[in-house]
Every structure is written in structure tokens, then in C-alpha cells.
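In: the following comprises the amino acid sequence and a computationally predicted model.
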Amino acid sequence: AQKVTQAQTEISVVEKEDVTLDCVYETRDTTYYLFWYKQPPSGELVFLIRRNSFDEQNEISGRYSWNFQKSTSSFNFTITASQVVDSAVYFCALSDLNTGNQFYFGTGTSLTVIP
Amino acid sequence: DVKVTQSSRYLVKRTGEKVFLECVQDMDHENMFWYRQDPGLGLRLIYFSYDVKMKEKGDIPEGYSVSREKKERFSLILESASTNQTSMYLCASSLAGGGLAKNIQYFGAGTRLSVL
């Protein structure tokens, strides 16, 4: 069965610190997608990244970077030089190609960046 | 830009009322979804639809029904609202088929429903 675990419920950092949000997943499928979404206080989930299971390259987008490791079933998200605007709830999600419509979400990590 | 619009941001209803939550997307997406979000539980799928008049149960369909009469609109119905249905409800849509855009779900701003 598919499962996504975000063990960190809440994290607080001081502005300009780096922070890593952990995501561990379980799936029996060999082909799957992993996602990160950001939910700011306004409520709307904003898509950040999608990674497929065949592509283990790390990705960097500005201050954001993602580390995908199949060996440890992890897809961690790092924010470098955090800013107050990064304060949000972050969700990791899994979708496999066989049931591609359905996402399995983690319980989310609430990040607070203190000025 | 994809836009998913939920008709209400906040809603207060009484126990036993029939409640309609409406969702409209403007990107001709085939797939639409309803989730509820509760603290500590993340997002849980209630129902989804991959075509007009088609629906599939998600993980927690009990107490809910859905309607998809037009491609752009997906309604969530609480036949007889109960206090344990107080929650944040999120609608999402996605493309079907192949290609890079496949599978990304785009979300509305959510409806916070309180059942008293």
C-alpha cells in the first residue's frame, strides 16, 4: 500500500537559516511520481515540484532544492536562506502510474520562519 | 494559469442541513477531486471524477456524494450535515492522458465548513 510520512509536524527557524523538510514514502510500484506542495495561510495548495521514479537527479530552483533517494525512499526538500514568506504548511505526496489519478499525501509540515 | 474556484471560502451550516460545495475549473481538465483536510491527518480523498457523470470513491466517501454534470464543475454534497463533517474542503483538478502536464493536481483556495 502507498504511504507518505512527514515526521516533522512543526518546524521553526530564524530568517536566513537553511531548513530541510523530510518526506519518506512507501509503494510497491516501480513507477511513481513524488510531489511537493506549499499551502500558505490563504489556504490554496501550490504545486512546487514533481519527480518521477526514474529520475533521481537532485533539482534546484532558486532557494529550493530537492533530494530524491530511492535507496532510502526519501524525497527531502531544502529551503536555503529561509524568508518569512516561506512560512506555510508543506505537503509531500505520492502518485503511481497504475492509479495515476489518486494522490497519497503526507500529514504536512508546518514551517514558521521568524524574522 | 490554471484556475480552480470554490464557491465559498467560509460556510456555516446546521446539523441535518443539505450542503452543496461547488468547484469550477477553467482549464478543461478531465479529472476533478474533493479532499478534506483536518489537523494531523493531512488531505484525505473523498471522491474523484475522471469524466462527466463518472465518479469514484476515495478513502472517506461515507456521508458524502458528488455530482459532475459538466466537465468544468464538480459538486460535493453533504446529504445531512453532521458536526464531524466540520473541516476544510479542497477541490483539485488535473489533466488526464500523457505528457509532462499529466498528473499534477491544481487546487482551489478551500472552503472552511462549520457544522453547528
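Out: Thanks, I have it.
In: when you work out contacts or count neighbours from here on, use the C-alpha atoms and nothing else.
Out: Fine.
In: quick one: A:F91 and A:T109 touch, right?
Out: Yes. Contact criterion Cα atoms under 8 Å: A:F91 and A:T109 qualify, at 6.6 Å.
In: okay, these two: which has more neighbours?
Out: Per other Cα atoms under 10 Å in any protein chain shown, whichever of A:F91 and A:T109 has more neighbours is A:F91, with 27 against 24.
In: element containing the more buried one?
Out: Element membership for A:F91 (DSSP states H and E) is strand A:88-96.
In: which helices and strands sit right next to that strand?
Out: strand A:3-5, strand A:32-39, strand A:104-105, strand A:109-114 (3 or more Cα pairs under 8 Å, 6 or more residues apart in numbering or on different chains; DSSP states H and E).
In: can you give me how far it is from the chain middle?
Out: Here the centre of strand A:88-96 is set off from its chain's centre by 5 Å, with Cα atoms, centre = their mean, to the nearest Å.
In: buried set for it?
Out: A:88-96 (16 or more other Cα atoms under 10 Å in any protein chain shown).
In: so what strands line up beside that strand?
Out: Each strand paired with strand A:88-96, and its direction, by DSSP bridges: strand A:32-39 (antiparallel), strand A:104-105 (antiparallel), strand A:109-114 (antiparallel).
In: let's have those strands in JSON lines, adding distance to A:T5.
Out: Below are the strands paired with strand A:88-96 laid out as JSON lines (distance: least, Cα to Cα, whole Å):
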{"stretch": "strand A:32-39", "distance to A:T5": "12"}
{"stretch": "strand A:104-105", "distance to A:T5": "8"}
{"stretch": "strand A:109-114", "distance to A:T5": "10"}
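In: please name the bridge partners of B:T5.
Out: B:T5 forms beta bridges with B:V24, as assigned by DSSP bridges.
In: what's the answer for B:C91, then?
Out: Residues in a beta bridge with B:C91, per DSSP bridges, are B:W34.
In: my guess is it contacts B:F33. True?
Out: Yes. B:C91 is in contact with B:F33 according to Cα under 8 Å; the separation is 5.6 Å.
In: neighbour count winner among these two?
Out: B:C91 (32 against 28).
In: give the contact list for the most centrally placed residue in chain B.
Out: The residue lying closest to the centre of chain B (Cα atoms, centre = their mean) is B:W34, at 2.5 Å. Taking Cα atoms under 8 Å, 6 or more residues apart in numbering or on different chains, we find B:W34 in contact with B:45-48, B:76, B:89-92.
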